[in-house]
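**Q** For reference, the sequence and a predicted model appear below.
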Amino acid sequence: MSSTRHDPGPDQLKGILLVVVIFGHTFWQGVGESWTKWMIYGFHMPMFLFLSGYMISMARFGTRPWGDLLRHYWKRMIAAWLVVSVLWLALQKPEAFADVQTFLEVLLLRPDFHLWYVPMLFLGVLLLRLLARPLNGSAAARAALGVAAVVGALLFQTPLKELVPQVVLDNVDARYAGYFVWILLGVAVRNGWFPRLRAWWLALPVVLGLVARSWVYTSGGPGPWWSVVAFTVLSLGAALCVPALRDALRARVPIVGEGLRTVGRHSLYVYLLHPFVTDALHTPEVGWIRSLVLGAAVTVAILVASCVVAGVLERVGVRRRQYRGYA
């Protein structure tokens, strides 16, 4: 979730996606109990993962020294994730500190709530760096990794889970293998391994996905595979829209544009910290209309507070750099 310094497109897009993520965390209903939440969970994380992959240029990535790569990701996301994870577990899941083995298992293999995203993304980054040379030089290697990613999604995100030993499902977050396909798709589009489709081509899967997922929610569909198909079609269409959305968002969004850029620049911290607020201020069981209104209010409050805190910290950082320059 790192920021691009000169191009506002990724920052504004991350800001918009974070609005959706935070709003999805404000509902008291479960995913299957709210149509709005059901639809949000049909595309938001695949889009985020696709964007993370889309920011990787494999030509430069493949030549990056391992030490430099590890230092970069430690400073940009791992250190912050580790601190927040310890704090979150201390407040929400103190039993995780029963012993060292339990702590490491909960921290790394079964991250609680939202804490899965960073280690899952980092594992994807390590795999891509490890395979960078064959991926850059061989279409067959790219195809093989693509097939492996699709198989992982099928085995860990569909009814085919029954084929996976239960001990694996009980001890490792299924999204580690099941969601890598979205990172890889972003990398493939960015690096020309997969064609970038025109916007009007993408309207079809997005509309079909919205209709199909809504139908599954209201009727249940004829079987669990229909839910998988609806999710996949909607997520695929939405994810493939990311390049066009990034280009469109290079222009400042009226009124809220600077706020979106601020949230996007600090997206990692907003993502990691906002559940402390949404959990403490969770909208009560007040009916779906009031739940939506309260959820929107909480979301706006979090984003405004994020901008204020970020602005203060940025000004403090500027003054410190100026002071060091004069010292």
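**A** Great, that's in hand.
**Q** For the helix or strand of the chain with the lowest mean pLDDT, buried residues please.
**A** Lowest by mean pLDDT, DSSP states H and E among the helices and strands of the chain is helix 288-326, with a mean of 77. Neighbour-count burial for helix 288-326, with 16 or more other C-beta atoms under 10 Å as criterion, is recorded at 288, 291, 292, 294, 295, 298, 299, 302, 303, 306, 307, 310. All C-beta atoms are positioned from the backbone trio N, CA, C, and that covers glycine.
**Q** Equivalent analysis for stretch 160-170, please.
**A** Counting neighbours by 16+ other C-beta under 10 Å, one finds that stretch 160-170 has no buried residues.
**Q** got it, and stretch 208-220?
**A** 209, 210, 212, 213, 214, 216, 217.
**Q** Quick one: mean pLDDT over it.
**A** Here stretch 208-220 scores 91 as its mean pLDDT.
**Q** so how far is residue 177 from residue 148?
**A** Noted for residue 148: a distance of 9 Å to residue 177, by C-beta to C-beta, to the nearest Å.
**Q** Which stretches in the stretch 101-250 of the chain count as strands?
**A** Defined through DSSP state E, counting those that start in this stretch, the strands belonging to the stretch 101-250 of the chain form an empty list.
**Q** in the stretch 151-300 of the chain, what spans have low per-residue confidence?
**A** Along the stretch 151-300 of the chain, segments meeting pLDDT under 70 span 282-286.
**Q** That one: helices as residue ranges?
**A** 166-171, 175-178, 180-190, 199-219, 224-240, 242-248, 257-265, 267-280, 288-326 (DSSP state H, counting those that start in this stretch).
**Q** Let me know which of the ones you listed is the nearest to residue 69.
**A** Comparing the helices of the stretch 151-300 of the chain by their distance to residue 69 (C-beta to C-beta), the top pick is helix 180-190, with 15.1 Å.
**Q** chain center to that closest one: distance?
**A** With C-alpha atoms, centre = their mean, to the nearest Å as the basis, the distance from the averaged C-alpha position of helix 180-190 to the chain average is 13 Å.
**Q** tell me which strands and helices that helix is in contact with?
**A** helix 44-54, helix 117-130, helix 139-157, helix 224-240, helix 242-248 (3 or more C-beta pairs under 8 Å, 6 or more residues apart in numbering; DSSP states H and E).
**Q** Neighbour count for residue 148 and residue 177, which is higher?
**A** The residue with more neighbours, out of residue 148 and residue 177, is residue 177; 22 against 15, by other C-beta atoms under 10 Å.
**Q** Grab the nearest non-local neighbour of the more buried one.
**A** Sequence neighbours aside, residue 152 is the residue nearest to residue 177 in space, at 3.9 Å (criterion: C-beta to C-beta, 6 or more residues apart in numbering).
**Q** My understanding was that the one you found contacts residue 181; is that so?
**A** Yes - Residue 152 is within contact range of residue 181, at 6.8 Å (criterion: C-beta atoms under 8 Å).
**Q** Compare these two (neighbour count), which wins?
**A** More crowded of residue 152 and residue 181, by other C-beta under 10 Å: residue 181, with 28 against 18.
**Q** right, and the more buried one touches residue 150 too?
**A** Yes - with contact defined as C-beta under 8 Å, residue 181 counts as touching residue 150 (5.9 Å).
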